[in-house]
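Enquirer: Quick one, fold the following:
(chains A, B, C and D)
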There are 2 protein chains.
Amino acid sequence: MISPAEKRAPISRIEKLCIDKGMKMTGQRRVIARVLSESSDHPDVEELHARATAEDPRISLSTVYRTVRLFEEAEILDRHDFGGGRARYESVLHGHHHHLIDVDTGDVMEFEDERHEQIAREIAERYGFDLVCHRLELFGRKRGSRT
Amino acid sequence: MISPAEKRAPISRIEKLCIDKGMKMTGQRRVIARVLSESSDHPDVEELHARATAEDPRISLSTVYRTVRLFEEAEILDRHDFGGGRARYESVLHGHHHHLIDVDTGDVMEFEDERHEQIAREIAERYGFDLVCHRLELFGRKRGSRT
DNA sequence: GTAAATGCAAATTATTTGCAATTAG
DNA sequence: CTAATTGCAAATAATTTGCATTTAC
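Expert: All right, here's what the predicted structure looks like:
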């Protein structure tokens, strides 16, 4: 039932990036790359490990930590701190955007805003800086929620 | 040489806030409040402890941790994460503003921008949220720096 | 074949907490 | 006087690392 073909998972978008950068693609790295490519949320390391081991149980937490760090340094992943003590990750392939965090539920919504981009560039310039990156995070409460 | 008068330090701005909120003002809490009132940068707990013990050596690190937490919950302090693994604090008395971080040196500059405030409110509204707070951080490199 | 990657357990780092002793109000 | 606060040392929680073993290229 298990044909050899099933072992060759298709190359994920992030795996492609890794190959282009000349990284050594181990089985675990390939799975983590796939999990990240398929995630449209902002998982933390614990969650990534859970998703990865669901596909292949022989992936250790250390490897997930090492891999997200590697990917972050290779500019494949963005790391975020939304509070709660754990770093959360998303692929840079999801593009440049910002976050609106529901302070009651922890839900994260994404948005873009061109006016904001313009203002950010302008402020950096005013101080004599080239903008490397920036983040805008809004923390809000659903209108009508008591408390 | 040491007159009794020297023991009565003037009441700092933050100590005043604490008293208004009915907090029990211990010696260590008073010193930490003063150090924070006099800081115009964004010290972490380690640094606050160093500044506090310089004024009075019998202040433990635990107490500094407990006090910044207390002050944060009382909305006397804002906590920031500028990367580097440690939380950094500043008095809310410094007003609402945002940060431009020099990625090479770690220096932090502050700025305000009314247009940005307006956009933030508007975006939250678009999603049906009341804005609780928000943060805008620009990471930049001094123009002309090689690398 | 060889340098790089992995798993595991132990180490680190930032922060929190239990508890007996101290202190503000 | 009494409840809140402190110091200290031990506990947590997230993340990193040393080292023997495995693996991609």
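Enquirer: DNA strand D contacts on chain A?
Expert: Proximity of chain A to DNA strand D, by C-beta under 7 Å from any atom of the strand, involves residues A:24-27, A:44-46, A:61-62, A:65-66, A:69, A:85-87. C-betas here are computed from N, CA, C, even on glycine.
Enquirer: from those residues, which would you call buried?
Expert: By neighbour count, with 16 or more other C-beta atoms under 10 Å in any protein chain shown, those hold A:44, A:45, A:87 as buried.
Enquirer: How much space separates the second one from chain B?
Expert: What that stands for is residue A:45. The gap separating residue A:45 from chain B is 15 Å, by C-beta to the nearest C-beta, to the nearest Å.
Enquirer: on that earlier part again, please identify which of the buried ones among the residues of chain A next to DNA strand D is nearest to DNA strand D.
Expert: For those, the closest approach to DNA strand D (C-beta to the nearest atom of the strand) belongs to residue A:87, at 3.6 Å.
Enquirer: Pretty sure that closest one sits against residue A:77.
Expert: No. With contacts defined as C-beta atoms under 8 Å, residue A:87 does not count as touching residue A:77, sitting 10.0 Å away.
Enquirer: how much space between residue A:128 and chain B?
Expert: Distance from residue A:128 to chain B, by C-beta to the nearest C-beta: 5 Å.
Enquirer: can you tell me which residues contact the spatially closest residue to that residue that is not a sequence neighbour?
Expert: Take residue A:128 and drop its neighbours on the chain: the residue closest to it by C-beta to C-beta, 6 or more residues apart in numbering or on different chains is residue B:143, 5.2 Å away. Applying C-beta atoms under 8 Å, 6 or more residues apart in numbering or on different chains to residue B:143 gives the contacts A:128, A:129, A:130.
Enquirer: Give the helix, strand or coil label for the last one.
Expert: Taking DSSP: H, G, I helix; E, B strand; the rest coil as the rule, one finds residue A:130 in the strand state.
Enquirer: Just list whatever residues bridge to it.
Expert: residue B:141 (DSSP bridges).
Enquirer: Who are the contact partners of it?
Expert: Neighbours of residue A:130 in contact, by C-beta under 8 Å, 6+ apart: A:124, B:140, B:141, B:142, B:143.
Enquirer: quick one: common contacting residues for residue A:87 and residue A:77?
Expert: Both residue A:87 and residue A:77 are in contact with residue A:68, where contact means C-beta under 8 Å, 6+ apart.
Enquirer: those helices in chain A, which residues are they?
Expert: Secondary structure of chain A by DSSP state H: the helices cover A:13-20, A:27-38, A:45-55, A:61-73, A:114-126.
Enquirer: Burial-wise, tell me which of those comes out on top.
Expert: Greatest average neighbour count among the helices of chain A goes to helix A:27-38 (a mean of 21), per mean count of other C-beta atoms under 10 Å in any protein chain shown.
Enquirer: what's that helix packed up against?
Expert: In terms of contacts (3 or more C-beta pairs under 8 Å, 6 or more residues apart in numbering or on different chains; DSSP states H and E), helix A:27-38 is packed against helix A:13-20, helix A:45-55, helix A:61-73, strand A:88-91.
Enquirer: List the contacts of residue A:68.
Expert: By C-beta under 8 Å, 6+ apart, the neighbours of residue A:68 are A:32, A:45, A:48, A:77, A:79, A:87, A:89.
Enquirer: Specify which member of those is nearest to residue A:56.
Expert: Of all these, the one sitting nearest residue A:56 is residue A:32; the distance, using C-beta to C-beta, is 9.6 Å.
Enquirer: Need the pLDDT of the residue nearest to the closest one when sequence neighbours are not counted.
Expert: Leaving out its chain neighbours, the residue that sits closest to residue A:32 by C-beta to C-beta, 6+ apart is residue A:67, at 4.9 Å. Looking at residue A:67, its pLDDT is 97.
Enquirer: is it true that residue A:67 touches residue A:26?
Expert: No. The criterion here is C-beta under 8 Å, and residue A:67 misses it with residue A:26 at 9.4 Å.
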